[in-house]
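Student: sequence first, predicted model second:
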Amino acid sequence: MGSVMGKDDSKVKGQTPANLLQEIVLSSAAGLFPDESCSDRALLLESYRRLQMLYAVGRTICGEIRPGDVLRAALEAVVRLTGAERCFVITVDAEGALAPAAGHPSQFPADSQDWPISKSVVRRVLAEGMSLLSSDAPQDFPSVSSVRAHGIRSILCVPLGTPDSLIGVVYADNRVEQGTFSELDLRFLTALSHYIFAAIRNAREIQQATARQKLSDERCRILQEELLEDHQIVGSSQVMLRTYERLRQVAPKEGPILLQGESGTGKELFAKAAHRLSPREGKAFLPVNVAAFSEDLVESELFGHVKGAFTSALRDKRGRFELASGGTLFLDEVAEIPRRIQAKLLRVLEDGEFERVGGEETIRTDIRLICATNVDLAKAVDQGQFRQDLYFRLAGVTIQLPPLRQRLEDVPQLVDYILKKIRSRKRFDEPAICRLQAYHWPGNVRQLIRAVEEMNAVCPSDVITAEDLPPHFAKQSAGPAPEFQLLKERVAEVEHEHIRRALVLSGGNNERAIRMLGVSREQFFRKKKLYGLGAASLAENGN
């Protein structure tokens, strides 16, 4: 008679490999010395060999990223130690599909229509979560055609995994002999199955982590390409990728966006990117720098006016809200909008309606509003400079743009991009790049652009070195900004540097420098004399 043994109790299910190993030794000793007079050491030797193999497998299999070779070695040991003719690891996926993971002495293809084992036995073990031992398979499974078809005589099959999460089985059989396997073999294979399960689980986790990392790397590459090619935004640092990812999430939705960041961080580029990523792409994108207009002109610029509304209103004029209808309106320096006009802006956001200056006709508009500021609007609200209701309406979706000092790893990429954009064949050597990365860049990317353009213009060599950089790059570091100065001192520093750079870029040509600066001749020569920016001074500075 055959015997089908199902092991579902605590002796198998809830035990650790160490507990099971201990039971192997104890059961071996009990069988070896039942009357304390037996001298046969064969069983104890067999147990010792199995313990050695389990120890070796436990040390190696769980640390393998690709445990295939170790699995095959373990299955070879099962065949050698238990008398099995063949041994396989069969896995099951979430849909219940079976797949061979390893085999000895040979593997069989997963797509084979006729597996050389009993699938019915495998599925029974998976369904019941119980180990199975059959010493006479044809008698134990008379209705299972695969047992007869493949001539299987003995079967040993144990589940892989936990009762709540089975990932497969370890299957061994013999097509020559009945009664091949013992209960000791069953316990040995159960102990081994813990290591095989850990190996497969660890390998899967590592493969999943690797796949996630590859996906993340690919995503970063795609984001970098989109940033540069579509929107001329350069940067692969994590802070930039996170900022752009947030933009991609909110851009397709309607509603205002508030871009906050220091001057020179690229707020208009991000506004354009948001427009291109929105359903309004292809419609108008109109930028307005509010700070460029006087208080009297801001209202007319935004909302338009009718003829005769004021002295210089010689004809009707449509404002930006009217011109941008259907598209996107970008208001830079939104904190500079006078309080009396803020109420009108709020009405447009809430109702989509306004009147031109001096007009009575209500005009409807459909715009996506994107605002930008380098001011803390929450503080401006507290100080009474900005309407709280307008702030809440604008700040529903806020994107904080990082200053350059928080993404200094982007400096080399930015420098290369700037040089390519101005079609320069020059390059910065590594010490020069390191010097640029050590600077705190109070003017952010805009300041870096000017610095690269200046170095490209004044350096005769194709390689720009650290010695070619202006002295202030050697003095500053990427730490906090210099100690607080009086406003007039800070203004003087900025004026001095700006006029100096204009002279450098113009090759010392005063008329060209005046046009670049947009100032009067009288103002230019007065400031030039004040700051001592003659030819000798420029020469002393290495320029």
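Tutor: Now that the structure is in, tell me what you want to look at.
Student: show me where the stretch 51-200 of the chain has its helices.
Tutor: Assigned helices in the stretch 51-200 of the chain, in chain order: 68-82, 119-128, 137-140, 145-149, 183-225 (criterion: DSSP state H, counting those that start in this stretch).
Student: looks like Ala343 contacts Arg387 (just checking).
Tutor: Yes - shown here, Ala343 and Arg387 form a contact pair, counting by C-beta atoms under 8 Å, at 7.0 Å. Every residue, glycine included, has its C-beta placed from N, CA and C.
Student: what about the two, which has more around it?
Tutor: Arg387 (18 against 11; other C-beta atoms under 10 Å).
Student: wait, what's in contact with the more buried one?
Tutor: Residues in contact with Arg387 (C-beta atoms under 8 Å, 6 or more residues apart in numbering) are 339, 342-343, 346, 381.
Student: from those, which would you call buried?
Tutor: Of the members of the contacts of Arg387, the ones counted as buried by neighbours, 16 or more other C-beta atoms under 10 Å, are 342, 346, 381.
Student: in space, what's closest to Glu453 - neighbours in sequence excluded?
Tutor: Ile422 (6.3 Å; C-beta to C-beta, 6 or more residues apart in numbering).
Student: count of neighbours near that neighbour?
Tutor: One way to gauge burial is a neighbour count; for Ile422, by other C-beta under 10 Å, it gives 13.
Student: equivalent analysis for Val445, please.
Tutor: Close neighbours of Val445, defined as other C-beta under 10 Å, add up to 23.
Student: and Phe310, by the same measure?
Tutor: Once other C-beta under 10 Å is used to define contacts, Phe310 is seen to have 12 neighbours.
Student: show me what contacts it?
Tutor: Phe310 makes contacts with 296, 300, 357-358, as judged by C-beta under 8 Å, 6+ apart.
Student: just the ones of those in helices?
Tutor: Within the contacts of Phe310, membership in helices is found for 296, 300, as judged by DSSP state H.
Student: out of the contacts of Phe310, which are buried?
Tutor: Applying a neighbour-count criterion of 16+ other C-beta under 10 Å, the buried members of the contacts of Phe310 are 300, 357.
Student: tell me which of the contacts of Phe310 is nearest to Tyr531?
Tutor: Distance to Tyr531, by C-beta to C-beta, is smallest for Asp296 among those, at 33.7 Å.
Student: which stretches of the protein have low pLDDT?
Tutor: Counting by pLDDT under 70, the chain shows low-confidence ranges at 1-46, 48, 56-67, 109-114, 215-231, 475-490, 535-543.
Student: any idea how it splits into domains?
Tutor: By the assignment in the TED database, the chain contains the domains 41-206, 240-402, 405-473, 487-531.
Student: ends of the third one, how far apart?
Tutor: End-to-end span of domain 405-473 (C-alpha to C-alpha, to the nearest Å): 14 Å.
Student: buried ones in whichever strand or helix holds Leu419?
Tutor: Leu419 belongs to helix 411-421 when assigned by DSSP states H and E. By neighbour count, with 16+ other C-beta under 10 Å as the criterion, the buried positions of helix 411-421 are 411, 413-415, 417-419.
Student: any idea how far Phe428 lies from Arg315?
Tutor: If you measure Phe428 against Arg315 using C-beta to C-beta, to the nearest Å, the figure is 52 Å.
Student: before we move on, the earlier item: next secondary structure after the helix holding Leu419?
Tutor: Sequence-wise, the next helix or strand downstream of helix 411-421 (DSSP H and E) is strand 427-428.
Student: show me what that next one is packed against.
Tutor: With contacts defined as 3 or more C-beta pairs under 8 Å, 6 or more residues apart in numbering; DSSP states H and E, the secondary structure elements packing on strand 427-428 are helix 411-421, strand 463-464.
Student: now tabulate the ones you listed in TSV and tack on distance to Glu353.
Tutor: Output for these, formatted as TSV (distance: least, C-beta to C-beta, whole Å):
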stretch	distance to Glu353
helix 411-421	42
strand 463-464	55
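Student: with respect to Ala432, which of the ones you listed lies nearest?
Tutor: Shortest distance between Ala432 and the helices and strands packed on strand 427-428, using C-beta to C-beta, is found for strand 463-464: 5.5 Å.
Student: need the contact partners of the closest one.
Tutor: Outside strand 463-464, the residues that touch it by C-beta under 8 Å, 6+ apart are 426-429, 432, 455-456.
Student: how about those residues, which pair is most distant?
Tutor: With distance counted by C-beta to C-beta, no two of these lie farther apart than Asp429 and Asn456, which are 14.0 Å apart.
Student: more neighbours, these two?
Tutor: Set side by side, Asp429 and Asn456 give different neighbour counts by other C-beta under 10 Å, the larger being at Asn456 (18 against 15).
Student: just want to check the distance between that one and Gln437.
Tutor: Using C-beta to C-beta, which is the criterion applied here, Asn456 is 18 Å from Gln437.
Student: likewise for Phe88?
Tutor: Distance check for Phe88 against Gln437: by C-beta to C-beta, it reads 57 Å.
Student: ok, these two, which is more surrounded?
Tutor: More neighbours sit around Phe88 than around the other of Phe88 and Gln437, counting by other C-beta under 10 Å; the figures are 25 against 17.
Student: that one against Leu98, yeah?
Tutor: No - the pair Phe88 and Leu98 does not pass the contact test of C-beta under 8 Å, sitting 10.4 Å apart.
Student: excluding its backbone neighbours, what's nearest Gly396?
Tutor: Per C-beta to C-beta, 6+ apart, closest to Gly396 is Gly255, 6.1 Å.
Student: helix, strand, or coil at the one you found?
Tutor: Following DSSP: H, G, I helix; E, B strand; the rest coil, Gly255 is assigned to coil.
Student: do I have it right that it meets Val397?
Tutor: Yes - at 6.3 Å, Gly255 and Val397 qualify as touching, with contact defined as C-beta under 8 Å.
Student: and those two? which has more neighbours close in?
Tutor: Neighbours were tallied for Gly255 and for Val397 using other C-beta under 10 Å; the higher tally belongs to Val397 (18 against 12).
Student: quick one: which of Phe428 and Arg315 has more around it?
Tutor: For the pair Phe428 and Arg315, the greater number of neighbours falls to Phe428 (25 against 8), based on other C-beta under 10 Å.
Student: how about the more buried one: what's its closest non-neighbour residue?
Tutor: The nearest residue in space to Phe428 (C-beta to C-beta, 6+ apart) is Ile464, at 4.7 Å.
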